[in-house]
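Participant: give me a 3D structure for the following:
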Amino acid sequence: MARESFDKEIQFLRILALAGGAYNRQQLADRLGISVHTYDKTLRNLKNMIESLQPQLSEEQSLTLSEGLRYSYYETADPLLLLLFRGKSLKASESLRLSMILTQLQHQQLTAKELIERCGDQFPDGEALPDEKTIRGDLKYLEEVGVIVKTGAERPYRYRGARDLIDSLSDDELLDLYDYVDVMSNTQLPSVQGYMLRDNLKRALRNRDIAAHSAPAYIYKYHYHSRILDEAHLHTIFQAITKRARLRFLYLSPKSSSRYASQNTNPLFHRESNGLRESVLPLRVIYDHQYGRWYLIGHNGRQGLMKFRMEGLTQIEEGEVVEEEVFQQRLMETLAEFEHSWVIDTRNPTKVVARFFNPEDSKVNFVLNRVKAQGQWGTITLESESSFLYEIEVNGTSEIKPWLRSFGSSCEVLQPRSLRQEFIKEWKEIAAYYEPQSIREDI
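Facilitator: Residues are numbered from 1 along each chain as shown. Below you'll find the model as predicted:
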């Protein structure tokens, strides 16, 4: 799948997940900045990918894309993630070849020539048969990623599927491994590889007629689909950071009315894009747990330190490589800027002091435990059996404010005074909603 198409489908799925069926075809097309014809084409492509990954969908469920995505409420992350990551980098012919190779090598050892004969017998009519060079290239790739292994040192080399771990596990051990991967892929960052590993283990369980997938031990419903979709950019960005290479991309601000911009390859249909062309030296990737957002932190020679929401990155390409000294200097400057950042704020440091109240009649002080786990570099001072003080110097207060607010009545902001006044105003507004006279009698 082309990079441009992948960008478009990421934005398509993001809007679909956020809108929840509230937009019609024309509104979705307008929001994406594409025509209704392109919208319909993208919809067909996604339906085909879902059907190829989930052939067991009922006819009713496959009528609409939204139904297809909701065929199992607790598995929403699977199609949103896997149908894109599987189709991202493989052409249809590559996907067909690799699938056949892996199928043939699951339970037998074959040489490249034997694989060519097997593929020739099973290739669909009308499809061009792969030559020996192509098959050997596929085998080398699959060996590098650890999917298959060589079984001998003498030519001609024989290959088999790398199933040693799965085959050596008992049914109970395989179930335990599946449960562990399920938990880790839903709680750790990044999670793309974890989801793919979980998917492979689920297939192994099905092959053994163990229906663990129908009665999972742990059920998750993760609401930040953007976090999962934006992981598509992580490999490219981390690779550029490792190489010290600049990145060029088109940036569409989250505040923009359009969420997608096509690549203008035909001069007859050239039009100005709503996005901004940027070139930066990537330095860090930061994740905001509060809102499920990824940020790219980079440096631009003209504008200095720059921050980008990763959901707005499209058409990413690697640029020139910078010297090690230049990269390290920019990195040290950036780390100094972010020394007191709760997430990515780089404004003047402000001292925040809050009093937390311990839960009553509870054997576990979950308030204190949560502050210890999430309070970053803040310090905790015990006041009494019922409360403790939390102090932290942080850049600005806008990013730490939602975290403090999430504790409700268990948290009282003491400093700074401006932040305390903001909380007082907000809680008064909330209290006003619950005044007896505010309830409409005609409801």
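Participant: name the residues of the top strand by length along the chain that are buried.
Facilitator: Determined from DSSP state E, the single longest strand within the chain is strand 276-288. Residues of strand 276-288 classed as buried: 278, 280, 281, 282, 283, 284, 285, 288 (neighbour count, 16 or more other CB atoms under 10 Å). (Each C-beta comes from the backbone N, C-alpha and C, glycine too.)
Participant: my guess is the second one contacts residue 299. True?
Facilitator: Yes - judged on CB atoms under 8 Å, residue 280 makes contact with residue 299 at a distance of 6.2 Å.
Participant: need the overlap of contacts for these two.
Facilitator: Jointly contacting residue 280 and residue 299 under the rule CB atoms under 8 Å, 6 or more residues apart in numbering are residue 306.
Participant: would you quantify the distance from residue 341 to residue 281?
Facilitator: 19 Å (CB to CB, to the nearest Å).
Participant: can you give me the helices for the stretch 1-150 of the chain?
Facilitator: Assigned by DSSP state H, counting those that start in this stretch, the helices in the stretch 1-150 of the chain fall at 3-19, 25-32, 36-53, 65-69, 77-87, 92-104, 112-122, 132-144.
Participant: which of those has the lowest mean pLDDT?
Facilitator: Comparing mean pLDDT across the helices of the stretch 1-150 of the chain, the weakest is helix 65-69, with a mean of 50.
Participant: circling back to that earlier point, now the buried residues of strand 276-288 in CSV, with distance to residue 369?
Facilitator: Putting the buried residues of strand 276-288 into CSV (distance: CB to CB, whole Å) gives the following:
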residue, distance to residue 369
278, 41
280, 39
281, 39
282, 35
283, 33
284, 29
285, 28
288, 22
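Participant: partners of the longest strand of the chain, with directions?
Facilitator: Paired with strand 276-288 in the same sheet, following DSSP bridges, are strand 245-251 (antiparallel), strand 293-300 (antiparallel).
Participant: list of residues touching it?
Facilitator: Applying CB under 8 Å, 6+ apart, the external contacts of strand 276-288 come out as 189, 227, 234, 237-238, 240-241, 244, 246-251, 253, 293-300, 306, 308, 310, 319, 322, 327, 330-331, 334, 338, 343-344, 399.
Participant: output the lowest mean pLDDT helix or strand found in the protein.
Facilitator: Using mean pLDDT, DSSP states H and E, the weakest-scoring helix or strand in the chain turns out to be helix 65-69, at a mean of 50.
Participant: farthest-apart pair in the buried residues of strand 276-288, please.
Facilitator: Of all pairs drawn from the buried residues of strand 276-288, the one with the longest distance (CB to CB) is 281 and 288, at 21.9 Å.
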